[in-house]
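Asker: Prediction below, plus the sequence it came from.
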Amino acid sequence: ADKPLAGQIAIVTGGSSGIGAGVVLAMAAAGAAVVVNYRSGVEGAEAMVGKVHAAGGRAVAIGADVSDEAQVEQLFREAEAAFGPPDILVANAGLQRDAAFAEMTLEQWRTVLDANLTGQFLCARAAVRAFRRRGPRAKVSRALGKIICMSSVHDVIPWAGHVNYASSKGGVSLLMRSLAQEVAPERIRVNAIAPGAIRTPINREAWETPEAEAQLLRLIPYGRVGEPEDIAEAAVWLASDASDYVVGTTLYVDGGMTLYPAFREGG
Ligand code: NAD
């Protein structure tokens, strides 16, 4: 129980910053060998690998754009060459291209859907294929494989000015549940984490100044902005046998953001 992911191999997409970086460190500390996927900026990914090595863990950096089919296939081939077939996929890579609806360009729409939804499809498909090819490893995990999709509270909370992003995460929710239903009989567990407001580069302007942070905290009953570690701990649990009976669930890790805190005052 000390190292719940000992002997396992994890691929974390978008692993060089923010939540992905937190997941990389936590999974490595839990005993997994971790593939740090990044799209650009090899330095950030190599820095994560260096941190894992310094802590006595195993990691390797592999570049790939998750929205590109050939690059995803290449990512899984290189990951397997480095550590062997994966046990865990954390489909975390994602981005925003915010715009008021009538001003949103088709390119902004497609960029977000391609990375956040198609990227999860391509990576999850490659993972399912890899789990099947490898077969069971009863000594390291009760499941044949585990997939964790990084969703968002915006898979249920509508978000004006971010229609592309909310659509992508709403899509992730039913991608995750439909896939979970399809592959559960072969003991592949598919689940999602829906983070609330986590302090990362993606939403810097929302917490960067005291005024912005105070505004943000009105949406968070628990009274603090989340940290990547909050999500990383949940990811380790969802990847471990401790959650072996958890199938097709979205775990909201949001300090209560989905409790509609405005109703404390408004009711
Ligand atoms: P981040 O910008 O630090 O991390 C996202 C990472 O994904 C970056 O490293 C980026 O380079 C990578 N990426 C983007 N497109 C890619 C592509 N096509 N191929 C490969 N990598 C790609 O932001 P974050 O907050 O750590 O976001 C991680 C995930 O968490 C995202 O899916 C995001 O939607 C989700 N999320 C974040 C929050 C939050 O408050 N920070 C809340 C809910 C959901």
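Answerer: It's in.
Asker: show me the contacts for the residue nearest to residue 99 when sequence neighbours are not counted.
Answerer: Once flanking residues are discounted, residue 99 sits nearest to residue 108: 5.5 Å by Cβ to Cβ, 6 or more residues apart in numbering. Backbone N, C-alpha and C define where each C-beta goes, glycine included. With contacts defined as Cβ atoms under 8 Å, 6 or more residues apart in numbering, the neighbours of residue 108 are 97, 99, 164.
Asker: Can you point out the buried residues in the helix or strand harbouring residue 22?
Answerer: Assignment of secondary structure by DSSP states H and E places residue 22 within helix 18-29. Going by neighbour count (16 or more other Cβ atoms under 10 Å), the buried part of helix 18-29 is 18, 19, 20, 21, 22, 23, 24, 25, 26, 27, 28, 29.
Asker: Ok, stretch 181-196 next?
Answerer: Buried residues in stretch 181-196, counted by 16+ other Cβ under 10 Å: 183, 187, 188, 189, 190, 191, 192, 193, 194, 195, 196.
Asker: Equivalent analysis for stretch 4-15, please.
Answerer: Neighbour counts over stretch 4-15 (16+ other Cβ under 10 Å) mark 4, 5, 8, 9, 10, 11, 12, 13, 14, 15 as buried.
Asker: where does the chain have its least confident helix or strand?
Answerer: The weakest-scoring helix or strand in the chain, judged by mean pLDDT, DSSP states H and E, is helix 262-266 (a mean of 85).
Asker: Need the pLDDT of the residue nearest to residue 99.
Answerer: Note on residue 108: pLDDT of 98.
Asker: before we move on, the earlier item: same list, the buried residues of helix 18-29, but only the ones touching the ligand.
Answerer: Residues of the buried residues of helix 18-29 in contact with the ligand (Cβ under 6 Å from any ligand atom): 18, 19, 20.
Asker: Can you tell me which of the buried residues of stretch 181-196 is nearest residue 252?
Answerer: Using Cβ to Cβ, residue 194 is the member of these that sits closest to residue 252, with 4.7 Å.
Asker: beta partners of that closest one?
Answerer: Beta-bridge pairing for residue 194 (DSSP bridges): residue 252.
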